[in-house]
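Asker: prediction below, plus the sequence it came from.
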Amino acid sequence: MKRIIGVLLIFWMTTFVTYASSIESEVTYGEVTETTEGSEMTEGEEGTSNLADDSSAGSEAGKQVGAIDGTAQGKIDFYEGKSNDYKRSIMSDEQIIKKYRLDKEVEDYRKSFLLGYKSVYQESYKTSYREGFNNEVMESTYNTADVSYTLVTMDGATITSDDSVVSMVFEEGAVYLQNNVRIDKKNTKLTIEDLKNRYIQASNVYNVQVKTEEGYMNVYKPSTLSFKYIGGENVGVYKLTEAGLIYYASAVNGSSIECVIDERTFKGGDYVVLIDKNYKGLSDIDENWAKDEIELMAKRGWLSGYEDGAFRPNEKVTRAEYAVILYNMLGWYNYGIADDVQLYFSDANQLGIWGRKAVYVAVVEGIINGYPDGSFRPNNKITYQEVEWLVQRVYKNKGYANFTWEDMAQVMMDEKGVISRGLTDKSNFITRDEVAYMFYILNRG
């Protein structure tokens with residue numbers, strides 16, 4: 001359907017430009033030959049006036065036709081899937097002169113026409129191309145192209161949904177470039193599969209739409225997303241993604257629930273308030289330097305505590321535990337791996353069901369390998385050096401192909417005032433709180 005609409009649009013635009021061109025030519029000739037009845041001029045005054053009239057008329061006509069051509073070609077290039085590049089389509093001077101029969105005009109008119117044409121073609125083209133892109137996004141998302149946005153500038157901004165239920169606040173200095181953002185309620189009810197028999201949907205789904213040519217905005221300070229909410233505990237704001245539900249650190253504040261979105265590259269998305277029926281809290285993290293990050297990772301289901309309710313943040317992480325974290329975080333459970341999947345390591349019997357699945361996918365993905373003697377050694381502690389290599393493999397396409405633990409240790413020191421034992425010796429074993437903090441930073445963007 002989109003292709004048919006695009007073809008019809010191109011046909012209409014082409015016809016319109018041709019028609020406009022013929023009309024423009026008629027108007028131009030009329031302006032050139034027309035004289036003011038009853039005017040009296042000397043010979044010198046008449047010559048000067050005619051030159052000025054020629055330049056003015058040529059410039060105005062060129063701008064009008066340039067705007068028409070630029071607008072039409074921008075739409076055509078967008079629907080044909082071409083890039084936003086006006087230079088590819090703008091005509092040469094010779095082509096413009098031929099198309100609009102400017103060779104029959106006086107030189108001043110012709111020069112002014114060309115200048116006027118080129119002065120507006122570029123901007124008309126770009127504006128039209130981007131309108132085509134933005135309208136397609138709006139039509140595919142909301143079935144309408146008539147959607148208004150709030151402008152986010154260096155001064156900050158507050159965006160509110162039409163029903164005033166959801167708002168998002170960008171602080172002063174959060175962005176450098178201007179961006180357009182909008183929040184809309186969606187008629188989406190989460191399925192049993194979405195909720196995994198764990199969550200209760202406590203709000204409508206709301207879409208935060210970022211309107212830029214790139215599809216994202218660069219943000220340099222955390223923003224706050226809030227929902228109107230009155231209810232129980234264990235509640236949070238979640239983002240709906242293809243990999244599953246992503247929890248954001250949330251807190252109930254009076255009659256609303258607020259979450260912090262600390263993403264340097266913000267693309268928007270669908271957000272909802274959910275009550276987590278299963279989360280029991282962790283008994284031993286209140287005094288830990290990474291308390292917030294541990295809790296966030298646990299509520300996202302990426303990390304878990306022990307049966308006694310403790311997290312044991314200072315415990316070392318094993319190879320099997322690290323594989324399970326990747327399994328949960330990267331959505332490997334969507335692979336549908338059987339519980340009895342076969343592993344050909346000599347010590348595979350040391351792995352439980354989830355460890356077996358996680359190690360299987362990690363090996364298949366080329367993330368973690370076994371040892372030359374045919375063992376996996378799932379209970380071996382993992383070093384900072386090994387973590388460095390693993391991060392490079394997992395995040396190589398996300399800007400961390402050259403990741404070093406020294407870089408992460410520096411972030412820990414700057415943001416938390418904590419000195420990692422891996423800063424000076426990467427043969428040391430990484431702890432659970434450091435892993436939680438590391439994955440928080442890596443997924444922050």
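Answerer: All right, it came through fine. Numbers count the residues shown, from 1 in each chain.

Asker: now the residue nearest to the spatial centre of the chain. Nearest residue, chain neighbours left out?
Answerer: In the chain, the residue lying closest to the centroid (CA atoms, centre = their mean) is Lys267, at 2.4 Å. Nearest residue to Lys267, sequence neighbours excluded (CB to CB, 6 or more residues apart in numbering): Tyr216, at 4.4 Å. Heads up, the C-betas are built off the backbone N, CA and C, glycines and all.

Asker: one more: Asp93?
Answerer: Leu114 (5.6 Å).

Asker: helices along the chain, start to end?
Answerer: Using DSSP state H, the helices of the chain run over 2-33, 43-79, 93-99, 107-142, 192-195, 291-299, 319-329, 353-364, 384-394, 405-416, 432-444.

Asker: surely the residue nearest to Lys267 touches Gln209?
Answerer: No - with contact defined as CB atoms under 8 Å, Tyr216 does not reach Gln209; the gap is 11.4 Å.

Asker: of the two, who's got more company?
Answerer: Gln209 (19 against 16; other CB atoms under 10 Å).

Asker: how far away is the residue nearest to Asp93 from Asp85?
Answerer: Distance of Leu114 to Asp85, given as CB to CB, to the nearest Å: 21 Å.

Asker: and these two? Which one has more around it.
Answerer: Leu114 (21 against 12).

Asker: and the protein, what are its domains?
Answerer: The chain resolves into domains spanning 2-34+43-141, 150-276, 291-444 when parsed by automatic domain parsing.

Asker: ok, the closest residue to Asp163 other than its chain neighbours - contacts?
Answerer: Of all residues not flanking Asp163 in the chain, Lys185 sits nearest, at 6.1 Å (CB to CB, 6+ apart). Listed by CB atoms under 8 Å, 6 or more residues apart in numbering, the contact partners of Lys185 are Ser161, Asp162, Asp163, Val165, Val166, Asn204, Val205, Tyr206, Asn207.

Asker: what's opposite the last one in the beta bridge?
Answerer: Note on Asn207: beta-bridge partners Asp184, Asp270, judged by DSSP bridges.

Asker: that one contacts Gly268, correct?
Answerer: Yes - between Asn207 and Gly268 there is a contact under CB under 8 Å: 7.2 Å.

Asker: for Ala243, find the nearest of the helices of the chain.
Answerer: Of all the helices of the chain, helix 319-329 sits nearest to Ala243, with 8.6 Å by CB to CB.

Asker: distance from that closest one to the middle of the chain?
Answerer: 27 Å (CA atoms, centre = their mean, to the nearest Å).

Asker: that one vs helix 353-364, what angle?
Answerer: 80 degrees (axes from the mean of the first three to the mean of the last three CA atoms, to 10 degrees).

Asker: by contact count, what packs against helix 319-329?
Answerer: On a contact count with 3 or more CB pairs under 8 Å, 6 or more residues apart in numbering; DSSP states H and E, helix 319-329 meets helix 353-364, helix 384-394, helix 432-444.

Asker: closest to Lys221 out of the ones you listed?
Answerer: helix 432-444 (12.6 Å).

Asker: now do the closest one: everything it contacts.
Answerer: Against helix 432-444 from outside (CB under 8 Å, 6+ apart): 262-264, 285, 288-290, 293-294, 296-297, 302-303, 311-317, 322, 325, 329, 387, 391, 395, 398, 400, 408, 411-412, 416, 420, 422.

Asker: fine by me, thanks again.
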